[in-house]
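K.L.:
My questions concern the predicted model and sequence given below.
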Amino acid sequence: MRAVDLHVHSLKSDGSLTPSELVDKALSLNLRAFALTDHDCTDGLPEAMEYAKDKDVEVIPGIELSTGYNGKDVHIVGLDIDYKNESLQKWLTDFRASRDLRNQKMCDKLQSEAGIDISYETLKATDPGAVITRSHYAKFLFAHGYVKSIREAFDRYIGDHARYYVPREKIDPREAVKVILLSGGIPVLAHPVLYHLTKKQLSELVSMLKEAGLIGIEAIYSTYAPSDEREIKALAKEYDLAISGGSDYHGVVKPGLEMGTGYGKLFVPEDVLDNLRLKKKQTENE
């Protein structure tokens, strides 16, 4: 049985490879399919899908939407989305405007309070066309000698509890689920273990999202311990959700984490993708 990877990023958001390079990498790993799930944008999908159309790997059009829940960042992955959908693209344009405003404020704060020579225009110029995330700030700070590592950039300057962090206005995760459904996609709760919720809090979140139309939950993930995987699979069964899985590959941004295999032990069997699509059809017929 071949593997799939349903959570991958390109340089169109905060990864380091082009969409075409991801296709070549997937081919070299003999993946049946991978989902390109860049943060809050679909800019890499046309290139990836065109490049892969005559090759032995399927590119699943996807996205990863950033939301907020009880003070936590919660991400919703969309698989098999219609990325050309006009309503989706309009929504994304409005959504990214709030990110741009946050980024401008954070650059101003780093300049005025930390004495760092950074502007939003300079930051965008380092990676033209990309959706700017905190990873871009970290790379900038590292490249210009303000920190000795990417981790230090987050710890000292731009992490959630760092002095110069500026939070952005967050949407409710239920809205993200509905946006993905309206674009014909499969909404999946991404890496729930990473939110460090209690079992009760996580169950409440999943219950709420299930009611909104959630179809899958990421039960196979690069950093999960076996006990984490068992817990999320049990939660999926409790709420009648399909399981999903992926590496969350970013290239050099996450050293040691590989597409398809994560930190070496990840394996997402291809029937995970088939079951997600089957669950989507079942919900449409209910």
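P.N.:
Sure, I can see it.
K.L.:
can you map out the helices along the stretch 1-150 of the chain?
P.N.:
For the stretch 1-150 of the chain, the helices defined by DSSP state H, counting those that start in this stretch cover 19-28, 45-52, 86-114, 120-125, 134-143, 150-153.
K.L.:
I'd like to know which elements the helix or strand bottoming out on mean pLDDT in the chain is packed against.
P.N.:
Of all the helices and strands that make up the chain, the one with the lowest confidence by mean pLDDT, DSSP states H and E is helix 120-125; it has a mean of 88. With contacts defined as 3 or more CB pairs under 8 Å, 6 or more residues apart in numbering; DSSP states H and E, the packing partners of helix 120-125 are helix 86-114, helix 134-143. The C-beta positions use only the backbone N, C-alpha and C, and glycine is treated the same way.
K.L.:
coming back round to it: dump the helices of the stretch 1-150 of the chain to JSON lines, plus mean neighbour count.
P.N.:
Putting these into JSON lines (neighbours: other CB atoms under 10 Å) gives the following:
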{"stretch": "helix 19-28", "mean neighbour count": "20"}
{"stretch": "helix 45-52", "mean neighbour count": "19"}
{"stretch": "helix 86-114", "mean neighbour count": "15"}
{"stretch": "helix 120-125", "mean neighbour count": "14"}
{"stretch": "helix 134-143", "mean neighbour count": "20"}
{"stretch": "helix 150-153", "mean neighbour count": "17"}
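K.L.:
I'd like to know how far residue 19 sits from residue 74.
P.N.:
For residue 19, the distance to residue 74 under the criterion CB to CB, to the nearest Å works out to 26 Å.
K.L.:
Residue 177 too?
P.N.:
Distance, residue 177 to residue 74, by CB to CB: 11 Å.
K.L.:
Setting aside sequence neighbours, what's the nearest residue to residue 134?
P.N.:
The shortest distance from residue 134 to any residue that is not its chain neighbour, by CB to CB, 6 or more residues apart in numbering, is 5.0 Å, and that residue is residue 158.
K.L.:
ok, now which ones touch that neighbour?
P.N.:
When contacts are counted by CB atoms under 8 Å, 6 or more residues apart in numbering, residue 158 touches 106, 134, 137-138, 141, 164-165.
K.L.:
at 10 Å what do you get?
P.N.:
Applying CB atoms under 10 Å, 6 or more residues apart in numbering to residue 158 gives the contacts 106, 109-110, 133-138, 141, 164-166.
K.L.:
same deal with residue 99?
P.N.:
The neighbours of residue 99, taking CB under 10 Å, 6+ apart as the test, are 39-41, 66, 131-133, 168-169.
K.L.:
and if you look at residue 124?
P.N.:
With contacts taken as CB under 10 Å, 6+ apart, residue 124 has the following neighbours: 100, 103, 130, 132, 136.
K.L.:
tell me which of those is nearest to residue 270?
P.N.:
Sorting the contacts of residue 124 by how near they are to residue 270, with CB to CB, puts residue 130 at the top with 30.2 Å.
K.L.:
Test my guess that the closest one contacts residue 10.
P.N.:
Yes - with contacts defined as CB atoms under 10 Å, residue 130 counts as touching residue 10 at a distance of 9.0 Å.
K.L.:
Report how far apart the opening and closing residues of stretch 241-259 are.
P.N.:
With CA to CA, to the nearest Å as the measure, the ends of stretch 241-259 fall 25 Å from one another.
K.L.:
per-residue pLDDT, the most centrally placed residue in the chain?
P.N.:
The centroid of the chain falls nearest to residue 64 when counting by CA atoms, centre = their mean (3.9 Å). If you check residue 64, the pLDDT there is 97.
K.L.:
Tell me who's in contact with the nearest residue to it once chain neighbours are set aside.
P.N.:
In space, and not counting its chain neighbours, residue 64 is closest to residue 37: 4.5 Å by CB to CB, 6+ apart. With contact set as CB under 10 Å, 6+ apart, residue 37 has these partners: 5-10, 13, 44-45, 60-65, 75, 77-79, 81, 188, 190, 246, 248-249.
K.L.:
Among the residues you listed, name the ones in strands.
P.N.:
Counting by DSSP state E, the part of the contacts of residue 37 found in strands is 5-8, 60-65, 75, 77-79, 188, 246.
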